[in-house]
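Mind folding the following:
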Amino acid sequence: MKRLVLLGGGHAHVHVLQQLAALRVPGAEVVLVSPFPRQMYSGMVPGLVAGHYTVDDCVIALRPLADAAGVRWIEGEAVALDAARRQLVLADGTTLDYDGLSLDVGSVMPRDLLPGAREHALFVRPIEHFVALLPSLWALAERQSLDLVVVGGGAAGVELVLAIEHRLNGQAGGAHRFTLVTGGAPPLAGYPPRVMARALAVLKRQRIAVLPQAAEAVAADHVLLAGGARVACQAPILAVGGTAPAWLATSGLAVTATGHVRIGATLQSVSHPEVFAAGDVSARDDVAHPRSGVYAVRAGPPLAANLRAWVAGGALLPHRPPQRTLNLVSCGQREAIAAWGPLAAQGGWVWHWKDRIDRGFIARYRSPLGADVGAVVPRP
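Presented below is the predicted three-dimensional model:
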């Protein structure tokens, strides 16, 4: 009997659980380890912040999926991994041996990212903690006019600053002030120029100041920028790109310079073939692609198939990530920007398209025997 441990409840692993519910893997004890009993779907968090969704709209409960799949559930967080001994250590001191391991833990945001951030900033990750603290932010905004700064010019930062502006100024008639600090690059750097231009236009329309400097420190009443300028702020939010968990660097697994698990076409570690990885924790050796939820979702079906084949001793199949993906960036109100290669579109119809896709994704995994996730991933 082989023990297969699924570490993390990310986008790929919910598909693995659903496939196991449909067809168990003989000869394997499967264990799911996750610090939270549910997945907070990141694609819907800006809509939740803006007030378009409730928390219940945005979550996939992991325990029912695990129970339906015959998977043992452990609520815990990994703090160490010994790949040579095939041992996983959890925060409560539990040591878990494995024969096979699949990693889908996502990225993390170190609390010492900026001086003063631990004491004063609101971190976007873990998403569960961020969402739990939102009521405190809304209560503060009811008591006073806020200067709010979002640090991070990627999709997360852009979507969040627009969502919060919609939520607060929509109720307060423009009483609050918002700034997006991008760290040197324009908002949505890396997206096609047409998408970047549309995003800048929306930020300008909503009177959100965009500062290209890097943030260097966070204080109780301001954010310090490179060059010495101070931006007034009572509510700093860090939405910069996450990093790989620190314990991977000492795990013995082959990792990149940034600490991400190096994997090949079959989603196996290039150094330890009994270890698989998907999502933001991993980096392909053979083909590079951005770390985004779209790629994590697409990795679910091949990961499920290859884990099953690995347990049975069969041949594993390569996963070919798409060369082009559809990206949908929400704009606070019920409006979104679509990016497909060099093409861009914008409007309320794009938001409703995104809403349909996101709700469909959640619905598929609320049923242990739901439809294949491929049915809800757009393929224009």
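
measure A185 to R63 for me?
Using C-beta to C-beta, to the nearest Å, A185 is found at 40 Å from R63. In this view, the C-beta of every residue, glycine as well, is placed from N, C-alpha and C.

let me redo that: N327
Counting by C-beta to C-beta, the separation of N327 from R63 is 31 Å.

now swap in V311 and tell me
From V311 over to R63 the distance is 23 Å, taken as C-beta to C-beta.

In which helix or strand does N169 reside?
helix 155-172 (DSSP states H and E).

Tell me the buried residues in that helix?
Using 16 or more other C-beta atoms under 10 Å as the test for burial, helix 155-172 gives 155-169.

and the helix or strand just after it, what other elements does it pack with?
Next along the chain after helix 155-172, taking DSSP H and E as the criterion, comes strand 177-181. Counting contacts by 3 or more C-beta pairs under 8 Å, 6 or more residues apart in numbering; DSSP states H and E, strand 177-181 packs against strand 147-151, helix 155-172, strand 209-211.

Among those, which comes closest to L101?
helix 155-172 (28.1 Å; C-beta to C-beta).

that older thread, who has more neighbours out of N327 and R63?
Neighbour tally, N327 and R63, criterion other C-beta atoms under 10 Å: the higher count belongs to N327, 21 against 15.

Any idea what that one is bridged to?
Under DSSP bridges, the beta-bridge partners of N327 are A339.

Tell me who's in contact with the residue nearest to the spatial centre of the chain.
Residue closest to the average C-alpha location in the chain (C-alpha atoms, centre = their mean): S42, at 5.3 Å. Listed by C-beta atoms under 8 Å, 6 or more residues apart in numbering, the contact set of S42 reads 127, 293.

measure it to S107 for me?
Separation of S42 from S107 (C-beta to C-beta) stands at 11 Å.

Compute the inter-axis angle for the helix holding N169 and strand 147-151.
Per axes from the mean of the first three to the mean of the last three C-alpha atoms, to 10 degrees, the angle that helix 155-172 makes with strand 147-151 is 160 degrees.

Could you tell me the angle between helix 155-172 and strand 177-181?
Interaxial angle of helix 155-172 relative to strand 177-181 (the same axes, to 10 degrees): 180 degrees.

Can you give me the domain assignment for this protein?
Domain assignment for the chain by automatic domain parsing gives 2-108+243-325, 117-238.

Any chance of those domains in JSON lines with mean pLDDT and distance to A363 as columns?
Shown next, in JSON lines, are these (pLDDT from 0 to 100; distance: least, C-beta to C-beta, whole Å):
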{"stretch": "domain 2-108+243-325", "mean pLDDT": "94", "distance to A363": "10"}
{"stretch": "domain 117-238", "mean pLDDT": "94", "distance to A363": "20"}
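
And the strands in the stretch 51-200 of the chain?
Using DSSP state E, counting those that start in this stretch, the strands of the stretch 51-200 of the chain run over residues 59-61, 72-75, 78-82, 87-90, 95-97, 100-103, 122-123, 147-151, 177-181.

can you tell which of these is closest to G8?
Comparing those under C-beta to C-beta, the one sitting nearest is strand 100-103, at 6.4 Å.

Describe which strands the closest one pairs with in its sheet and in which direction.
Going by DSSP bridges, the partners of strand 100-103 are strand 2-7 (parallel), strand 275-277 (parallel).

Endpoints of stretch 204-215, how far apart?
21 Å (C-alpha to C-alpha, to the nearest Å).

Give me the buried positions along it.
So stretch 204-215, judged by 16+ other C-beta under 10 Å, has buried residues 206, 208, 210-211, 213-215.

same check, this time on stretch 51-60
Neighbour-count burial for stretch 51-60 [16+ other C-beta under 10 Å]: 51-53, 58-60.

Output it as PDB, nothing but the C-alphas.
Output of stretch 51-60 as PDB, limited to C-alpha atoms (Å, rounded to 0.1, in the frame of the first residue of the first chain):
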ATOM      1  CA  GLY A  51     -19.300  43.700  -2.800                       C
ATOM      2  CA  HIS A  52     -20.500  41.600  -5.800                       C
ATOM      3  CA  TYR A  53     -20.100  38.200  -4.000                       C
ATOM      4  CA  THR A  54     -20.400  36.800  -0.500                       C
ATOM      5  CA  VAL A  55     -17.700  34.600   1.000                       C
ATOM      6  CA  ASP A  56     -19.900  31.500   0.400                       C
ATOM      7  CA  ASP A  57     -20.000  32.400  -3.300                       C
ATOM      8  CA  CYS A  58     -16.200  32.100  -3.500                       C
ATOM      9  CA  VAL A  59     -15.200  29.000  -1.600                       C
ATOM     10  CA  ILE A  60     -14.800  25.300  -2.400                       C
END
